[in-house]
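> sequence unavailable; structure follows:
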């Protein structure tokens, strides 16, 4: 994304700009994890709806967020990052309020899709505004701190969500965004720099963005409703066929549009293609595991929402601690070795869940050691995959390459949650322990498959420091 025209900024003004833009990253990242902890409460509030339908509260956000990142980033270039940031912030906060008051599941899902749109607008625009406010020499440290705020949001999401659900119910995991957003709005109107629109740029491919949303939506709908409708019914088959047809139309449009949603020429880079393919596979297992663990702890071990939130919190904190060292290690020994090690460690941790976890709670002896191991594996892979994806690109293509990588992450996440429904079943009954074991085995298989794909990376490719800076926000947002 092209940076806004920089304006001179004092240290105090730069600090204020950092706070405002970091708040945007905090909210977008928080909603990637905080809703998971509220999912069992949503099931109780909508007892007549199947798991596959309720799962759209998560997948609707992921599809909109991931599919629209590139388009909103280019819109920020064309109309000005400040304008797009405030538009995204307003949409996100209004959608959060709608989710909070939603009397029906349909309206809640619509609100979540709108939240995804707002988050997709906020994230690239906030990064552009931040980069414009600091000297080049300080950008690496500043953006690392900004990305760290996103990582902190994801790490604290389960605990914060658990406290909010316990205190006021699941609606408060959405209401919490409103005061945070209002503070960012008021402060931002004062401190954020004015940006100059670039009307010479071509309009982004908004129709292409719609096509990819429809294709992904059809695919996820077919997967989530397959257990209920039947895999051979016209509805399920129609969804899968529609996903293939619309997806093919999207690919054709990307090949012809001057400002495509997905720049197909990026995939001429072997490293870029391999890293994004590995990311999709990795995210399928990872996001399925995230929601599955919350469901297991509350439904099988009968943990309270607070206990479940605290139980999963160590994992994200391990990720946050390991990520920085993983990037430095990749600089020394290469991407491929680190990614293979990380995928291996993650798969071992997941298999320990499948083999050792039983119906009787044993947090200290079974769950915690496996969670720490899984956190170590994630910390060695997610940030390195993000940097790998853009490392072979020219500097002027880092931003769009990073956005495509984050899109791959969210697409994999949406598919992963859909497949969770297939594995656990779409009925309202509590899944058996064997179903959760199948889920953990599936997630482990995805980690192994992702690692095998990473074997196709060049042996000694190493991290580009500039690429790592650009990839950092995407990494934080996806943990």
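Happy to help now that I have it. Quantities reported herein were computed from a predicted structural model and do not represent experimental measurements.
> care to break this protein down by domain?
1-192, 205-258, 265-479 (automatic domain parsing).
> okay if I get those as a markdown table plus mean neighbour count and mean pLDDT?
All C-beta spots, glycine's among them, are computed from the backbone N, C-alpha and C. Below are the domains of the chain laid out as a markdown table (neighbours: other C-beta atoms under 10 Å; pLDDT from 0 to 100):
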| stretch | mean neighbour count | mean pLDDT |
| --- | --- | --- |
| domain 1-192 | 21 | 86 |
| domain 205-258 | 18 | 92 |
| domain 265-479 | 21 | 85 |
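> so who does residue 176 touch?
Residue 176 makes contact with 30, 34, 160, 164, according to C-beta atoms under 8 Å, 6 or more residues apart in numbering.
> mind putting the residues you listed in a markdown table, secondary structure and distance to residue 255 included?
What follows is the contacts of residue 176, written out as a markdown table (DSSP: H, G, I helix; E, B strand; the rest coil; distance: C-beta to C-beta, whole Å):
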| residue | secondary structure | distance to residue 255 |
| --- | --- | --- |
| 30 | helix | 37 |
| 34 | helix | 38 |
| 160 | helix | 44 |
| 164 | helix | 46 |
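> report the spatially closest residue to residue 59, excluding sequence-adjacent ones.
Distances taken as C-beta to C-beta, 6 or more residues apart in numbering place residue 414 nearest to residue 59, at 4.4 Å, with adjacent residues excluded.
> and the one you found, what element?
For residue 414, the host element (DSSP states H and E) is helix 398-424.
> could you do residue 170 as well?
Per DSSP H and E, there is no helix or strand for residue 170.
> backbone dihedrals for it, both of them.
phi -60, psi -20 (degrees, to the nearest 10).
> equivalent analysis for residue 50, please.
Here residue 50 shows phi and psi, under degrees, to the nearest 10, equal to phi -70, psi 160.
> find the nearest non-adjacent residue to it, please.
residue 426 (4.4 Å).
> before we move on, what about residue 171?
Nearest to residue 171 is residue 100, by C-beta to C-beta, 6+ apart, at 4.5 Å.
> just to check, the one you found is in contact with residue 169?
No: between residue 100 and residue 169 there is no contact under C-beta atoms under 8 Å: 9.7 Å.
> by contact count, what packs against the host helix or strand of residue 452?
Using DSSP H and E, residue 452 falls within helix 433-454. In terms of contacts (3 or more C-beta pairs under 8 Å, 6 or more residues apart in numbering; DSSP states H and E), helix 433-454 is packed against helix 270-299, helix 335-356, helix 398-424.
> at 10 Å what do you get?
Contacts defined by 3 or more C-beta pairs under 10 Å, 6 or more residues apart in numbering; DSSP states H and E place helix 433-454 against helix 270-299, helix 335-356, helix 368-391, helix 398-424.
> to residue 116, which of these lies closest?
For the helices and strands packed on helix 433-454, proximity to residue 116 was assessed by C-beta to C-beta; helix 398-424 is nearest, at 8.6 Å.
> what helices and strands are in contact with that closest one?
Looks like helix 398-424 contacts helix 51-54, helix 56-79, helix 105-133, helix 206-229, helix 270-299, helix 368-391, helix 433-454, helix 465-478 (3+ C-beta pairs under 10 Å, 6+ apart).
> export those to CSV and tack on distance to residue 259?
Shown next, in CSV, are the helices and strands packed on helix 398-424 (distance: least, C-beta to C-beta, whole Å):
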stretch, distance to residue 259
helix 51-54, 35
helix 56-79, 6
helix 105-133, 15
helix 206-229, 9
helix 270-299, 19
helix 368-391, 19
helix 433-454, 29
helix 465-478, 19
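> so what's residue 303 closest to, chain neighbours aside?
residue 297 (4.5 Å).
> right, and that neighbour touches residue 291 too?
No: with contact defined as C-beta atoms under 10 Å, residue 297 does not count as touching residue 291 (11.2 Å).
> so for these two, which residues contact both of them?
Common neighbours of residue 297 and residue 291 (criterion: C-beta atoms under 10 Å, 6 or more residues apart in numbering): residue 37.
> any idea how far residue 232 lies from residue 336?
Here residue 232 is placed at a distance of 42 Å from residue 336 (C-beta to C-beta, to the nearest Å).
> how much space between the residue nearest to residue 401 when sequence neighbours are not counted and residue 28?
What sits nearest to residue 401 in space, not counting adjacent residues and going by C-beta to C-beta, 6+ apart, is residue 390, at 4.0 Å. Counting by C-beta to C-beta, the gap from residue 390 to residue 28 is 20 Å.
> against which helices or strands is the helix or strand that residue 17 is a member of packed?
Assigned by DSSP H and E, residue 17 falls within helix 11-30. With contacts taken as 3+ C-beta pairs under 10 Å, 6+ apart, helix 11-30 sits against helix 81-101, helix 105-133, helix 139-168, helix 177-191, helix 465-478.
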